[in-house]
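Enquirer: pasting the structure only:
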């Protein structure tokens, strides 16, 4: 049937890590791969009560079809959340999405013609690349340092490309590197986007998982020209299985995205929108997030300590001040994908995400993304110790 | 921001009925518009128990991320359902979707290049047209009679168009007409699709809401060349707010659609997939469907009786043997959209769906789609009586 496929499907192919992740799905493997929150921290008691109330609603409306833009009450609750976080908006500026992933898909379908330049951080979120690919962009990947995307390089790219349509960025605890964009860079990014008339897609799934210091302003809050599409998600701060995310943007953009929403899947689950709405009204999300922050900080510290203890000395790791990941950099010749396939999985029985697939243009093979939020503390110790042992055995074999 | 929009967004515009449907959302209006099932028939007791069990699952896995193709157990349950319905398939041939609408979106993105010919019934489901439009097809709309799509016209179109990619059809209780494709036509359709090497997208949301007789074979069950993408949905037979649909197709197609799924929204809600899986395992869906059939048959009969009683004599209505709608045809000069805006909504306080938007190529203004499943019986009587009164007043005014 492949002869029937449309041209855009040329960009839709299994990624190199699919095979590895499939291997990692073996339950006897310890996985530090996915961006999973800790399931033991899900607010079960509250959700149990909420779903009971939803299903027994006498009108049945919480199980019926709902407006495709989302339940109006939930849009209002999210507008309130955004305001508390320093970004002014109203319910009509909010579109409910099937996770923020859907916002990445919609933004790229809405803006990218084949051949348009799409700017990302280098490396960036693999799921975003999968959503961008069918629209056949030319990627420009901007290197990062400890303060985020390098603005000098970005400016050069914007100067030399007349068809830059969109800049995709994860400013807070970036995936996969864990780096947070500084305030100065955020301001510079907005200036550049304004000068070169480019749309910014701001993805913030980890924003509220902050271990220290105060939140920096969202790009949306610094946006004086309505050019930021802000994406948020409850996946990391409530429950990923609900699949509730949102977009905040200028109303004409929200309307166009709303039309794509009707066409894409009619609407997000009414039950899950109602559950999220009731959670926000009835309970204190801030309190719940405080619990998550403490738990994930403890896990991060344990993970970094274990990596330092067990991995070879020349391995570098980031120490993110939030989020779910540390980014590990090995010797330039080391191939994390090959190592995982040939040694980590069969020998150490441990999975991570090899870093190569996160690079939109030129793959770097010597990185790995390691998640510290999902596994219990004893499993973190066991897994990292086993992985460290394999790494050191490998090193010995290759230097002897 | 509109100058930034990609070319494909030219096909993404508010439809003429959006404004009317927005007016119809007023709770003081009696709506026969949406394809809503009857909320009083939702299996609340069962779902209450199921969600209790899901949320209290000690592993937390039913609220965590899940495989993007869907929970393996649910894929197996759906394969079993399909087999009981006469269509042989395995769990790996099933992809879980965010409602069958998502399958329409994926199939058209997967197959349609701008300018390709896409064949539909005339009229057809508006939501499908909304999903097709961004891929910029040339529509060929095939007229229907009481036996479904006219195969003589289809053959002529296939002969004269070398770039026909896909035929979209709703063979059972078609939306909006309520017509069911005869067995002979189904066989002829498969022969033609095979001869002209075209993919068929078979959409079956109403298939199980049958009032009389036996189900006809699905197109998928008649498919000897793996060219049918079959879409199914739990929206009408369980609960629409769960947003659980599925595709069954050749494995290479399911794999490509699975890649689009990851990119589109990562996955369907884990809770809702788990709930559907448990419902199918623990309860008898067939029994539940039998209840729905009885209730909707009673409502259909009431609706037809009320229309015959209150509407002007020259109005024609279909008497569908299943589904949720009757299709009403007025005098050729009558404009159902104008009438709804100027008289039905403000005067009768009743909404329906004007038929114009269901025609992909040449709009016919003198039809309306009326839903009989959603409203209680007294409201059906009240609404149709008021609408009939307005229609007869209008007739008097225009003939006097």
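Expert: Looks like it came in fine. Remember, predicted model here, so these are calculated numbers, not experimental data.
Enquirer: chain center to stretch A:237-250: distance?
Expert: With C-alpha atoms, centre = their mean, to the nearest Å as the basis, stretch A:237-250 stands 11 Å off its chain's centre.
Enquirer: likewise stretch A:79-92?
Expert: 21 Å.
Enquirer: try stretch A:256-265
Expert: With C-alpha atoms, centre = their mean, you get 22 Å for stretch A:256-265.
Enquirer: ok, and what's touching it?
Expert: The contact list for stretch A:256-265 (C-beta atoms under 8 Å, 6 or more residues apart in numbering or on different chains) reads A:68-69, A:95, A:97-98, A:102-103, A:105-107, A:109-110, A:247, A:249, A:267, B:5, B:9, B:12-14, B:97-99, B:101-102, B:105, B:127, B:130-131, B:133-134, B:243, B:264-265. (C-beta placed from N, C-alpha, C; glycine too.)
Enquirer: quick one: secondary structure of residue A:65?
Expert: Per DSSP: H, G, I helix; E, B strand; the rest coil, the secondary structure class of residue A:65 is coil.
Enquirer: close enough to count as contact, it and residue A:271?
Expert: No. Counting by C-beta atoms under 8 Å, residue A:271 is not a contact partner of residue A:65; they are 11.8 Å apart.
Enquirer: intersection of neighbour lists for these two?
Expert: Residues touching both residue A:65 and residue A:271 (C-beta under 8 Å, 6+ apart) are residue B:241.
Enquirer: residue contacts, the closest residue in space to residue A:164 that isn't next to it in sequence?
Expert: In this structure, residue A:164 finds its nearest non-sequential neighbour in residue A:117, 4.5 Å apart by C-beta to C-beta, 6 or more residues apart in numbering or on different chains. Residue A:117 makes contacts with A:137, A:138, A:139, A:140, A:157, A:161, A:163, A:164, A:165, as judged by C-beta under 8 Å, 6+ apart.
Enquirer: now list the buried members of the contacts of stretch A:256-265.
Expert: Among these, those classed as buried by 16 or more other C-beta atoms under 10 Å in any protein chain shown are A:68-69, A:95, A:97-98, A:102-103, A:105-107, A:109-110, A:247, A:249, A:267, B:5, B:9, B:12, B:97-99, B:101-102, B:105, B:127, B:130-131, B:133-134, B:243, B:264-265.
Enquirer: among these, which lie within strands?
Expert: In strands, defined here by DSSP state E, the members of the buried ones among the contacts of stretch A:256-265 are A:95, A:97, A:247, B:97.
Enquirer: leaving out chain neighbours, which residue sits closest to the last one?
Expert: Take residue B:97 and drop its neighbours on the chain: the residue closest to it by C-beta to C-beta, 6+ apart is residue B:245, 4.3 Å away.
Enquirer: on that earlier part again, okay, residue A:65 and residue A:271: which has more neighbours?
Expert: The neighbour comparison of residue A:65 against residue A:271 (other C-beta atoms under 10 Å in any protein chain shown) goes to residue A:271, with 26 against 21.
Enquirer: buried residues, stretch A:84-92. List them.
Expert: A:85, A:87, A:89, A:91.
Enquirer: does that stretch reach chain B?
Expert: No. Judged by C-beta under 8 Å from any C-beta of the partner chain, stretch A:84-92 stays clear of chain B, getting no closer than 13.1 Å.
Enquirer: show the end-to-end separation of that stretch, please.
Expert: In stretch A:84-92, first residue to last residue: 17 Å (C-alpha to C-alpha, to the nearest Å).
Enquirer: quick one: average confidence on that stretch?
Expert: For stretch A:84-92, mean pLDDT is 97.
Enquirer: for stretch A:131-148, same thing?
Expert: 96.
Enquirer: same thing with stretch A:37-55?
Expert: 97.
Enquirer: what's next to that stretch, contact-wise?
Expert: By C-beta under 8 Å, 6+ apart, stretch A:37-55 touches A:62-63, A:235-236, A:238-240, A:271, A:274-275, A:278-279, A:282-283, A:288, A:291-292, A:295-296, A:299, A:324, A:373-374, A:376, B:44, B:47-48, B:51-52, B:55-56, B:59-61, B:63-64.
Enquirer: work out the gap between that stretch and the centre of the chain.
Expert: That offset, for stretch A:37-55, works out to 23 Å (C-alpha atoms, centre = their mean).
Enquirer: next SSE downstream of the helix or strand where residue A:252 lies?
Expert: Element membership for residue A:252 (DSSP states H and E) is helix A:251-265. Heading C-terminal from helix A:251-265, the first helix or strand you meet, by DSSP H and E, is helix A:270-282.
Enquirer: any buried residues in the helix or strand that comes right after that following helix, and which?
Expert: Following helix A:270-282 in sequence order, the next helix or strand is helix A:285-310 (DSSP H and E). For helix A:285-310, a neighbour-count test (16+ other C-beta under 10 Å) marks A:285, A:288-289, A:292-293, A:295-297, A:299-300, A:302-304, A:306-307, A:310 as buried.
Enquirer: over to stretch A:254-261?
Expert: A:254, A:256, A:257, A:258, A:259, A:260, A:261.
Enquirer: I'd like to know the average pLDDT value across it.
Expert: Stretch A:254-261 comes out at a mean pLDDT of 96.
Enquirer: and for stretch A:301-311?
Expert: On average, stretch A:301-311 scores 98.
Enquirer: can you check stretch A:224-236 too?
Expert: 97.
Enquirer: straight-line length of stretch A:321-340, end to end?
Expert: 27 Å.
Enquirer: again, but for stretch A:303-319
Expert: Start-to-end, stretch A:303-319 (C-alpha to C-alpha) is 10 Å.
Enquirer: so how far is that stretch from its chain's centroid?
Expert: 23 Å.
Enquirer: hmm, who's touching it?
Expert: A:177-179, A:300, A:326-331, A:370, A:372, A:380-381, A:384-385, A:387-389, A:391-392, A:395.
Enquirer: mind giving me the ChimeraX select for those residues, buried ones only?
Expert: Of the contacts of stretch A:303-319, the buried ones can be selected in ChimeraX as follows, counting by 16+ other C-beta under 10 Å:
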select /A:177,178,179,300,326,327,328,329,330,370,372,380,381,384,387,388,391,395
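Enquirer: so which of the contacts of stretch A:303-319 sit within strands?
Expert: Short answer: those in strands (DSSP E) are A:326, A:327, A:328, A:329, A:370.
Enquirer: good, wrapping up.
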